[in-house]
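Novice: whatever this is, show me its structure:
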Amino acid sequence: MPFSPAETAACRTLVELALREDLDERGDITSQALIPPDRMDRAVFVARKPGVLAGLPAINLVLERFPGVQLQLLRQDGDRLEPGQQGRIAIISGPMRSILTAERTALNFLQRLSGVATQTARYVEAVAGLPAKVLDTRKTTPGWRLLEKYAVRMGGGHNHRIGLYDGMLIKDNHLAAMPNPDRLLRIEDAIRQAWKAHPDLPVEIEVENLLQFVIALDCRPDIILLDNMSLEDMRTAVERRDRECEGEEKRVLLEASGGVTLETIRAIAETGVDRISVGALTHSAVALDIALDYEG
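Specialist: Next up, the predicted model:
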């Protein structure tokens, strides 16, 4: 799957930074010393561990900086990888100096993004058969957000808002900083002001207990985020939402968040929430073990 124009632009910026820090002004001095400039060869990207592939468009953007290097794709982003023949990802051919120079930068993108896709797939599989969607958060590597959210999609997950500009999420600190002295009334004020400021964007509000939830539900925001609530309270919130919103054309969505793990996510999904946001999809993903093997 290709990058969007925004993802392509973000990746080009990262590629430029990565190559600059790796090569400085002198370039790959080891390859220059040992490999003849006219030596043509090939190598293959292979997975050493099982996982989900993501990041092939990034490899293309790295290699476009090296004239004469060609890439033959054997798999697609989103594919399941297994060590061995099923782990062969792509063949790279051309000037061997260029292949060696590009190797680490290409692998850094491929390993990181495949790691995020693999982590996401684990969470998605944990709620298989249940309607809850698994979403990412803004807990991403600075500068890598668009790429890591792309990798989440390759792993079967869904994207939350991209940044602070494309969705209204009213959190506890927003409520705490509002001038109204009544904390509960601030919930109504916040939702009303958010709609007034940006009627074209979805409005989501974070609540920490059932009292706050009831007040928020009466205001009918687009989404209510149940932050660190117990399973019992989440079930109660779902039941009340279903009862009060029955027959309404637009249903308030309920999102669970806060300390979600692979061990807890299925029980959370079984409460009936519509969405579960998981920071660990990106902030705790481990790079997938992928290598570049010389074939000659």
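Novice: neighbours around the closest residue to residue 80 other than its chain neighbours, how many?
Specialist: Distance criterion C-beta to C-beta, 6 or more residues apart in numbering; nearest residue to residue 80, sequence neighbours excluded, is residue 52 at 6.1 Å. For glycine as for every other residue, the C-beta is placed from the backbone atoms N, C-alpha and C. Each residue near residue 52 was counted by other C-beta atoms under 10 Å, and the total is 26.
Novice: mind listing what residue 52 touches?
Specialist: Contacts for residue 52 (C-beta atoms under 8 Å, 6 or more residues apart in numbering) come out as 78, 79, 80, 81, 114, 117, 118, 120, 121, 154, 155.
Novice: got the domain ranges for this structure?
Specialist: Domains of the chain are assigned by automatic domain parsing as 5-124+285-294, 127-283.
Novice: avg pLDDT for the first one?
Specialist: Put plainly, it is domain 5-124+285-294. Averaging pLDDT along domain 5-124+285-294 gives 96.
Novice: distance between that domain and the chain's centre?
Specialist: 19 Å (C-alpha atoms, centre = their mean, to the nearest Å).
Novice: and the residue nearest to residue 171 when sequence neighbours are not counted, backbone torsions?
Specialist: Excluding the flanking residues, the one nearest residue 171 by C-beta to C-beta, 6+ apart is residue 206, at 4.8 Å. Here the main-chain torsion angles of residue 206 (degrees, to the nearest 10) amount to phi -90, psi 130.
Novice: my read is that residue 206 contacts residue 227, right?
Specialist: Yes - under the criterion of C-beta atoms under 8 Å, residue 206 makes contact with residue 227 at 5.0 Å.
Novice: of these two, who's got more company?
Specialist: Neighbour totals were compared for residue 206 and residue 227, and residue 206 leads with 23 against 18 (other C-beta under 10 Å).
Novice: which residues in the chain form strands?
Specialist: Applying DSSP state E to the chain gives strands spanning 40-47, 51-52, 70-73, 80-81, 88-95, 133-135, 168-170, 203-207, 223-227, 253-257, 275-277, 290-294.
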